[in-house]
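Colleague: build the 3D model from these lines:
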Amino acid sequence: MSAEEEAEITKRDVRLSRKLYPSLSLVEISLYTATWISGVYLACHSLYMASQEQARRLYTVDLVRPWWKFWSSSLMKRDGTDHEWETWKTTSLHVGALVVLYPVLSQVCKRFLKDFSLPFSALYSVVVTMYLIGVLPTLYLFLQIVVIWAAYHTNSAKVVWVVSISYILCLNMFPLKTMKDSLFPDHASQLYQGYLTSVLLAWINARCISFALDRIWYKVERETVVTSFLMLTAFCFYLPLGVMGPLVSSKTFKDSFAAPLQPLDRTLCVTVLSSCLRYGVWFTVTDVSLYFLYQQALTLHPSIVSSLNLWALCGMGYFMGQFFQLKYVVMYGWSSFLARLDNVSAPPHPKCIGRIHLYSDMWRYFDNGLYLFMQQYIYLPVMGEATSLLARLCASAVCFSFVYVWHGTMDFVLIWSCLNFLGITCEGVARAVGRNTTYLQWESYCLGHQAVRRLHALLASPLLVMSSLSNFYFFTGLEVGNIFVRRVLLESWPWGLPTIIFFLYCCAQTSIEVKNYEIKRQIMAGRDRGE
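Modeller: From the prediction side, this is the model:
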């Protein structure tokens with residue numbers, strides 16, 4: 001290994017080491033972890049008891065025969081409220097075999113018919129999309145692609161952004177709304193094909209932005225006009241990631257056509273089998289949970305939510321987040337796995353929310369594709385050469401403005417976006433204070449290293465409360481979100497909110513310990529590669 005490589009590894013190790021917190025005693029960290037796990041268990045058990053008690057009043061909880069109880073024909077109640085999860089399962093049955101077949105056929109093209117691999121990707125993905133949602137809805141999607149592709153040819157990033165954001169805002173106006181409504185005249189088609197079309201519109205909007213800006217900013221070599229449109233079409237409809245994501249950049253997608261092909265060996269077989277087993281298990285856990293915990297159905301009954309005891313309310317809040325994370329582990333996990341088989345470097349599935357305590361980490365690790373998109377195309381370009389706190393906050397404000405528009409300009413999305421920006425701002429201010437020389441002197445004089453870790457975990461706990469409440473608005477809407485805020489912040493005194501903060505403090509300490517472990521693994525892995 002050369003001296004330059006050794007210096008680079010040392011620099012990386014130093015950078016990672018600065019993120020480490022001092023270790024606590026085994027007894028102390030074990031108490032924190034056990035307390036956090038016990039709190040989650042008690043809250044989820046309270047939610048289970050409330051779910052069973054209120055099941056008859058929940059109109060989206062039905063008696064069905066569980067697919068996983070193959071040894072019995074007895075019926076069980078199941079929460080079928082989550083439209084996204086139910087649609088993903090229906091879509092998987094509808095076109096799942098065609099999606100799984102895609103990386104196999106694509107690899108055949110890339111190995112034996114390399115010049116045909118791009119046309120194949122575009123044609124196969126578009127045809128399957130037509131089969132899924134219909135020919136006319138697919139042509140409706142092409143309208144957005146053509147409009148932003150035309151904006152790209154102005155060679156102006158500002159024009160691309162204005163056109164892309166304007167297109168999203170105009171989706172609920174004449175004539176785009178009228179066109180979409182006419183495509184799905186009945187309720188069933190609106191719930192299925194109409195929903196999938198709306199999801200695709202958002203993904204395609206972001207992919208078109210990535211395609212245009214990567215070429216305007218010279219990150220990707222420009223193609224001829226025909227090849228350019230073919231590449232954009234293949235990228236927008238790319239089947240493994242097309243409908244349910246996650247996002248990858250156009251550079252990542254284009255690089256996959258020139259990337260070295262994976263050898264067809266034992267390692268690939270082990271990867272395929274282990275990934276199928278992994279995501280199969282998480283699919284089972286996610287779907288089976290709906291037979292016992294009815295947090296999704298409760299969101300449609302504000303009066304019941306308002307009457308829940310605080311433990312059950314916290315259990316409902318926690319498991320809404322956990323279920324949301326689990327379904328994206330399954331959806332993003334399968335999609336990214338299939339994309340990686342096709343040499344597309346797709347982002348990983350979300351990390352467990354039960355071991356993340358910082359706003360910034362939640363955004364970084366839940367939807368890594370969206371995080372990288374905002375970082376590359378919004379945050380860093382807006383910030384430019386500036387490094388001040390104000391510049392960072394302004395760039396963050398623009399990012400969350402995009403989040404608001406991209407997710408839909410609804411009142412609860414606005415509240416969610418604003419609270420997330422407030423949380424990121426608080427973290428940014430805290431980090432700026434933490435780097436201040438006077439504060440560092442006070443910290444080293446008055447606090448030991450372990451006390452600093454305890455202080456940071458304590459300061460993070462109220463932010464974790466706000467993070468949770470903001471997500472409840474996103475999961476449930478305005479009315480139920482307001483109930484959570486009222487019950488937790490106003491009506492739970494003198495014991496409720498302090499108890500919640502105590503448990504979240506234990507969560508923060510557990511999260512810090514897991515983060516320390518991951519950083520140490522990164523350092524050791526880097527050293528092993530360097531040997």
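Colleague: could you find the closest non-adjacent residue to residue 376?
Modeller: Nearest-residue entry for residue 376: residue 249, 6.7 Å, with adjacent residues in sequence omitted and distances by CB to CB, 6 or more residues apart in numbering. In this view, the C-beta of every residue, glycine as well, is placed from N, C-alpha and C.
Colleague: element containing residue 51, please.
Modeller: Of the helices and strands defined by DSSP states H and E, residue 51 is found in helix 26-54.
Colleague: in that helix, what's buried?
Modeller: Neighbour-count burial for helix 26-54, counted by 16 or more other CB atoms under 10 Å, picks out 29, 32-33, 35-36, 39-40, 43-44, 46-48, 50-51, 54.
Colleague: average model confidence for the helix or strand following that helix?
Modeller: Next helix or strand after helix 26-54 toward the C-terminus (DSSP H and E): strand 61-64. On average, the pLDDT along strand 61-64 is 94.
Colleague: pull up the pairing partners for the following helix or strand past strand 61-64, direction included.
Modeller: Counting by DSSP H and E, the element after strand 61-64 in chain order, helix or strand, is strand 76-79. Listed by DSSP bridges, the sheet partners of strand 76-79 and their directions read strand 61-64 (antiparallel).
Colleague: let me see the contact set for the closest residue to residue 413 other than its chain neighbours.
Modeller: Excluding its sequence neighbours, the residue lying closest to residue 413 (CB to CB, 6+ apart) is residue 407, at 5.0 Å. Residue 407 is in contact with 202, 413, 417, counting by CB atoms under 8 Å, 6 or more residues apart in numbering.
Colleague: also residue 185?
Modeller: Applying CB under 8 Å, 6+ apart to residue 185 gives no contacts.
Colleague: which of the three states applies to it?
Modeller: coil (DSSP: H, G, I helix; E, B strand; the rest coil).
Colleague: report the separation between it and residue 194.
Modeller: According to CB to CB, to the nearest Å, residue 185 and residue 194 sit 10 Å apart.
Colleague: just residue 514 next, same as before
Modeller: Applying CB to CB to residue 514 and residue 194 gives a distance of 41 Å.
Colleague: so between these two, which is more surrounded?
Modeller: Shown here are residue 514 and residue 194; by other CB atoms under 10 Å, residue 194 has more neighbours (20 against 17).
Colleague: which non-adjacent residue is nearest the more buried one?
Modeller: Leaving out its chain neighbours, the residue that sits closest to residue 194 by CB to CB, 6+ apart is residue 184, at 4.0 Å.
Colleague: number of nearby residues for the one you found?
Modeller: If you count neighbours by other CB under 10 Å, residue 184 ends up with 20.
Colleague: quick one: contacts for it?
Modeller: Contact criterion CB under 8 Å, 6+ apart gives 137, 190, 193, 194, 197 as the residues in contact with residue 184.
Colleague: the same query, at a cut-off of 7 Å, please.
Modeller: Contacts of residue 184 were listed using CB atoms under 7 Å, 6 or more residues apart in numbering, and they are 190, 193, 194.
Colleague: now do the second one against residue 91, distance only.
Modeller: The spacing between residue 193 and residue 91, counted by CB to CB, is 10 Å.
Colleague: quick one, which of the two is more surrounded?
Modeller: A side-by-side neighbour count of residue 193 and residue 91, using other CB under 10 Å, places residue 91 first with 20 against 17.
Colleague: next, the contact list for the residue lying closest to residue 380 once chain neighbours are set aside, please.
Modeller: With CB to CB, 6+ apart as the measure, residue 395 is the residue that lies nearest to residue 380, at 7.6 Å, once sequence neighbours are left out. Contacts here follow CB under 7 Å, 6+ apart; on that basis residue 395 touches 379, 382, 383.
Colleague: and the pLDDT for residue 395?
Modeller: Residue 395 is assigned a predicted lDDT (pLDDT) of 94.
Colleague: secondary structure element holding it?
Modeller: Secondary structure here is read from DSSP H and E; on that basis residue 395 sits in helix 389-407.
Colleague: quick check: what element follows that helix along the chain?
Modeller: Taking DSSP H and E as the definition, the helix or strand that follows helix 389-407 towards the C-terminus is helix 411-434.
Colleague: for that next one, buried residues please.
Modeller: Within helix 411-434, the residues that qualify as buried are 412-417, 419-421, 423-428, counting by 16+ other CB under 10 Å.
Colleague: need the contact partners of that helix.
Modeller: Among residues not part of helix 411-434, those counted as contacts by CB under 7 Å, 6+ apart are 358-360, 389, 392-393, 396-397, 400, 403-404, 407, 439, 459, 463, 466-467, 470, 473-474, 477-478, 481.
Colleague: same thing but 8 Å
Modeller: Contacts to helix 411-434, defined as CB under 8 Å, 6+ apart, come from residues 358-360, 363, 389, 392-393, 396-397, 400-401, 403-404, 407, 439-440, 459, 463, 466-467, 469-471, 473-474, 476-478, 481.
Colleague: only alpha carbons, please: show it as PDB.
Modeller: Extracted as PDB, the C-alpha positions of helix 411-434 are listed here (Å, rounded to 0.1, in the frame of the first residue of the first chain):
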ATOM      1  CA  ASP A 411     -51.700  21.300   5.500                       C
ATOM      2  CA  PHE A 412     -50.400  18.300   7.500                       C
ATOM      3  CA  VAL A 413     -47.400  18.000   5.000                       C
ATOM      4  CA  LEU A 414     -46.600  21.700   5.600                       C
ATOM      5  CA  ILE A 415     -46.700  21.200   9.400                       C
ATOM      6  CA  TRP A 416     -44.500  18.100   9.100                       C
ATOM      7  CA  SER A 417     -42.000  19.900   6.800                       C
ATOM      8  CA  CYS A 418     -41.800  23.000   9.100                       C
ATOM      9  CA  LEU A 419     -41.300  21.000  12.200                       C
ATOM     10  CA  ASN A 420     -38.600  18.900  10.500                       C
ATOM     11  CA  PHE A 421     -36.900  22.200   9.400                       C
ATOM     12  CA  LEU A 422     -37.200  23.500  13.000                       C
ATOM     13  CA  GLY A 423     -35.600  20.300  14.300                       C
ATOM     14  CA  ILE A 424     -32.700  20.400  11.800                       C
ATOM     15  CA  THR A 425     -32.200  24.100  12.700                       C
ATOM     16  CA  CYS A 426     -32.000  23.200  16.400                       C
ATOM     17  CA  GLU A 427     -29.500  20.500  15.700                       C
ATOM     18  CA  GLY A 428     -27.500  23.000  13.500                       C
ATOM     19  CA  VAL A 429     -27.400  25.600  16.200                       C
ATOM     20  CA  ALA A 430     -26.400  23.000  18.800                       C
ATOM     21  CA  ARG A 431     -23.500  21.900  16.700                       C
ATOM     22  CA  ALA A 432     -22.400  25.500  16.100                       C
ATOM     23  CA  VAL A 433     -22.500  26.100  19.900                       C
ATOM     24  CA  GLY A 434     -20.700  22.800  20.400                       C
END
